[in-house]
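1. I need the structure of the sequence given here:
(4 chains)
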Number of protein chains: 2
Amino acid sequence: MNPTRAQALGSASHNSHQGVSRMRRQSTAADGPRRATVTDVARRAGVSTATVSRVMNRNYPVAEATRERVEAAMRELGYVVNAHARALAGASGRTVGIIVNELIDPFYAYIARGVEREAALGGRLCLVCCAQGDPQRELAFVELMHERRADAVIVVGGSVADHGYTSELARRARELDAGGSKLVLCGRPPLGEQAPTAAVEYDNEGGAFAITDHLLMQGHERILYLGGPPKLSTTRDRLAGHRRALELRGVTPDPELAQPGTFSRNFGYRRMAELLRDGLDFTAVFAANDIVAAGAAQALEEAGVRVPEDISLVGYDDIPVAQELRPRLTTVHVPLEEMGRQAVRLAVGGGDEDDWREPTTGALRLGTHIVVRDSVAPRSSRAIRM
Amino acid sequence: MNPTRAQALGSASHNSHQGVSRMRRQSTAADGPRRATVTDVARRAGVSTATVSRVMNRNYPVAEATRERVEAAMRELGYVVNAHARALAGASGRTVGIIVNELIDPFYAYIARGVEREAALGGRLCLVCCAQGDPQRELAFVELMHERRADAVIVVGGSVADHGYTSELARRARELDAGGSKLVLCGRPPLGEQAPTAAVEYDNEGGAFAITDHLLMQGHERILYLGGPPKLSTTRDRLAGHRRALELRGVTPDPELAQPGTFSRNFGYRRMAELLRDGLDFTAVFAANDIVAAGAAQALEEAGVRVPEDISLVGYDDIPVAQELRPRLTTVHVPLEEMGRQAVRLAVGGGDEDDWREPTTGALRLGTHIVVRDSVAPRSSRAIRM
DNA sequence: CATTCCATAGAACACGCTTACTGTCCGGAG
DNA sequence: CTCCGGACAGTAAGCGTGTTCTATGGAATG
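-> Prediction:
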């Protein structure tokens, strides 16, 4: 279990942390790091440790004079409470964990921001890490956060429907739950087999439906769906919405027009260039997300294809780049930051600790909506190239 | 000290965490969360707690049969080690803290990515929080991370030269240092008064010099410097490099052409629109960063000013948006991710714990270089508007 | 003046884990 | 046959705080 984890994280071969034998005990003289403890403060202030603790926590009457002496002692000693000891003694660690694929991807960055802000409101700190799309890494991080006794562990982003992975995650969910923490699924489907999790979703399928319909209304029927890992739940849902819209308008999906791949700009660029070269027939592009759209836009530009006059282009997520592209990108807005906030709310309750609404196994689905900008136009009558 | 902090973080009025009196002790029955402990595992496997610990840490010989029994017990009980207890018992908490202004700003996101990756290599987890440009918040977070005994606390981004703030941060640095942790300054000047810190800088002044010179070489002499908080060290350095370049080429800086403000897109957009309306005379714009450049580009576009034919535009940081703008933005590349990596290296040593190179008070300065794209052209002979 | 009560403060234990220090058992050397 | 060393395993002492439970002094009450 341990070696597996170390491996998953790319750590050299850490045995968690082999003792480094710091020659502890019997701190005679300069024994390396040594911080002031409650005991030190107590001695200096001429009181007991209990009193010091009470001064810090303000949960028990302490005479004004005593309080001041203690506070002075703390200041003079540069005392900083040890959160580990505090947590061990029963208090919550006041920490929430969040696991994303990639911090520099705005999709995750916005969610992370929501999580961080909501956590800070509750006086909590945030453990953040990047699984980089590797399920093993993700599981390893969940475990690491459980070890830290995070109040909640939030896993963000689509997931693959691998059975081994799912049941493994479900096990972690049960363990966390047994310890009073919560696993929160953010932007991915539930774990089935009634694992005790909370969940925040967004109407992914609905957004895809809406923007596809927007394209259909402009006369487009041959719509290229470009990018997104094919086995990812995110892609499945977007494609499902896309197809539902097509079928509702009576246009039968052409398999050739579904071109999944990855969520990268580079994929959007290259695949679009290839398809253009191959002369695939289509009048609009539904990029799996705005990043892919940015890549596609560049390929279109370099091929001399005008957007939206010759070809319409839409994305998904509505991250800032959508406003920088020219033409500005029509896309689907997802309430990313709010998802992050709700994720921590669901797990630890509102900042107000008093409303003891048992953070039950709740699920939440936020709405999406399309944002119309300049990258869509009615289907042009002439061929893409002449 | 406590109330101050709670206030700084916008927490309602958390007394850190008032007892919530969980009616502990005497766990008779369903006493709420209860996780398996080493003792439970030991009992189940029929060994002592010491042996269980040895199985986990692999730092002492344990008979194969015993090991297997212990591991089985751990599995059956769903045992997850308590990192708090472990840290308290002497081991490092295996945590590094990073404080940025804003997670969704790519400048910080890239640095955070470097920190996170390097930390993960050493089997460490990352505490991340956003100070949102508020020095008080920043100090509060440093303290919070110190409480958690982070191996290193990395503060990222420019700082204001306020004396009270500086000395307060220096005090935190000394306290951290006294405890064996390290405060790392990332992208900001040192603290003076020999505070025990490590530092990773980038050649900010040099980059500004280089890109200004690039503009000068194209014949531009009236260069507008746009954006960036005027009192921030980042702005000071960039302006210094900018001025040095001007003076070296014998053009005297015109105060009217220095228009600091903020680092936001919105500021770039609005201020640029105003200056255009007011008819300020300039042929090139040096935006304080790429975000501001994006805003300025939009204002220019809306005013019908062509870039680079009528006016040249450059940015700073080389974040992804620089490649999406049209024309693509010429800017200064900063090795952001590498800065993050170096910051944790400096503080905790390379992933290899053995090279016991005392993580001394080191400083490091990484180079910057300009990236030429399409937003600069030789000065046009005709006036901006006719 | 004796009794009760409140406001404080101290002593001591529990939290879960690591590790120095002590064994114990066994095979092989003397 | 005794002695010694190696391979394991157990005992117990902390690590720094929170939180009982108990004690003390004086004010308030009868």
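2. What is the strand or helix carrying A:Ala294 packed up against?
-> A:Ala294 is located in helix A:290-302, with elements delineated by DSSP states H and E. Helix A:290-302 sits against helix A:265-278, strand A:284-287, strand A:312-314, helix A:321-324, with contacts defined as 3 or more Cβ pairs under 8 Å, 6 or more residues apart in numbering or on different chains; DSSP states H and E. From N, CA and C alone the C-beta is placed, and that goes for glycine too.
3. now those in JSON lines, with mean pLDDT and distance to chain B?
-> Below are those laid out as JSON lines (pLDDT from 0 to 100; distance: least, Cβ to the nearest Cβ, whole Å):
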{"stretch": "helix A:265-278", "mean pLDDT": "97", "distance to chain B": "8"}
{"stretch": "strand A:284-287", "mean pLDDT": "98", "distance to chain B": "14"}
{"stretch": "strand A:312-314", "mean pLDDT": "98", "distance to chain B": "14"}
{"stretch": "helix A:321-324", "mean pLDDT": "96", "distance to chain B": "5"}
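4. can you list the ones you listed in JSON lines and add mean neighbour count?
-> As requested, the helices and strands packed on helix A:290-302 are arranged in JSON lines below (neighbours: other Cβ atoms under 10 Å in any protein chain shown):
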{"stretch": "helix A:265-278", "mean neighbour count": "18"}
{"stretch": "strand A:284-287", "mean neighbour count": "29"}
{"stretch": "strand A:312-314", "mean neighbour count": "28"}
{"stretch": "helix A:321-324", "mean neighbour count": "23"}
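5. For the ones you listed, could you give me CSV that also reports distance to B:Ala299?
-> Below are those laid out as CSV (distance: least, Cβ to Cβ, whole Å):
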stretch, distance to B:Ala299
helix A:265-278, 26
strand A:284-287, 28
strand A:312-314, 25
helix A:321-324, 13
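6. Indicate which one of these is closest to DNA strand D.
-> Judged by Cβ to the nearest atom of the strand, the one of these that comes nearest to DNA strand D is helix A:321-324, at 45.6 Å.
7. you'd agree A:Arg365 is up against A:Tyr202?
-> Yes. Here A:Arg365 reaches A:Tyr202: they are 6.9 Å apart, a contact under Cβ atoms under 8 Å.
8. related to what we said a few turns ago, mind checking the helices and strands packed on helix A:290-302 for the one nearest to DNA strand C?
-> That would be helix A:265-278 among the helices and strands packed on helix A:290-302, by Cβ to the nearest atom of the strand, at 43.6 Å.
9. just the angle between that closest one and helix A:290-302, please?
-> Interaxial angle, helix A:265-278 versus helix A:290-302 (axes from the mean of the first three to the mean of the last three Cα atoms, to 10 degrees): 40 degrees.
10. Put the alpha carbons of helix A:265-278 into CSV.
-> Taking Å, rounded to 0.1, in the frame of the first residue of the first chain, the C-alpha atoms of helix A:265-278 are listed here in CSV:
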residue,chain,number,x,y,z
ARG,A,265,-5.1,23.3,-27.4
ASN,A,266,-2.6,21.3,-29.4
PHE,A,267,-5.1,18.6,-30.2
GLY,A,268,-7.6,21.1,-31.4
TYR,A,269,-5.1,22.7,-33.6
ARG,A,270,-3.7,19.6,-35.2
ARG,A,271,-6.8,17.6,-35.6
MET,A,272,-8.6,20.6,-37.1
ALA,A,273,-5.8,21.2,-39.6
GLU,A,274,-5.9,17.6,-40.6
LEU,A,275,-9.6,17.5,-41.1
LEU,A,276,-9.4,20.7,-43.1
ARG,A,277,-6.8,19.2,-45.3
ASP,A,278,-8.8,16.0,-45.8
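11. For it, which helices and strands make contact with it?
-> Using 3+ Cβ pairs under 8 Å, 6+ apart, the elements in contact with helix A:265-278 are strand A:223-226, helix A:290-302.
12. DNA strand C: which of these is closest?
-> helix A:290-302 (42.1 Å).
13. pLDDT of the closest one, averaged?
-> Helix A:290-302 shows a mean pLDDT of 98.
14. likewise stretch A:100-109?
-> Averaged across stretch A:100-109, pLDDT comes to 97.
15. chain center to it, what's the gap?
-> 7 Å (Cα atoms, centre = their mean, to the nearest Å).
16. where does the residue of the stretch 151-300 of chain A found nearest DNA strand C land on pLDDT?
-> Ranked by Cβ to the nearest atom of the strand, the top residue of the stretch 151-300 of chain A for proximity to DNA strand C is A:Gly179, at 9.5 Å. We have a pLDDT of 91 for A:Gly179.
17. Mind checking which residue lies nearest the centre of chain A?
-> A:Val156 (3.5 Å; Cα atoms, centre = their mean).
18. What segments of the stretch 51-200 of chain A are helices?
-> All helices of the stretch 51-200 of chain A, identified by DSSP state H, counting those that start in this stretch, fall at A:64-77, A:83-88, A:106-121, A:135-147, A:163-178.
19. just how off-centre is the second one within its chain?
-> On the basis of Cα atoms, centre = their mean, helix A:83-88 is displaced by 27 Å from the centre of the chain it belongs to.
20. Out of the helices and strands packed on helix A:265-278, flag the one nearest A:Ala45.
-> Smallest distance to A:Ala45 across the helices and strands packed on helix A:265-278 (Cβ to Cβ): 57.7 Å, for helix A:290-302.
21. List the buried residues in that closest one.
-> Buried residues in helix A:290-302, counted by 16 or more other Cβ atoms under 10 Å in any protein chain shown: A:290-300.
22. what about whatever residue of the stretch 51-200 of chain A ends up closest to chain B, neighbour count?
-> Nearest to chain B in the stretch 51-200 of chain A, going by Cβ to the nearest Cβ, is A:Gly180, at a distance of 3.0 Å. Residues near A:Gly180, counting by other Cβ atoms under 10 Å in any protein chain shown, number 15.
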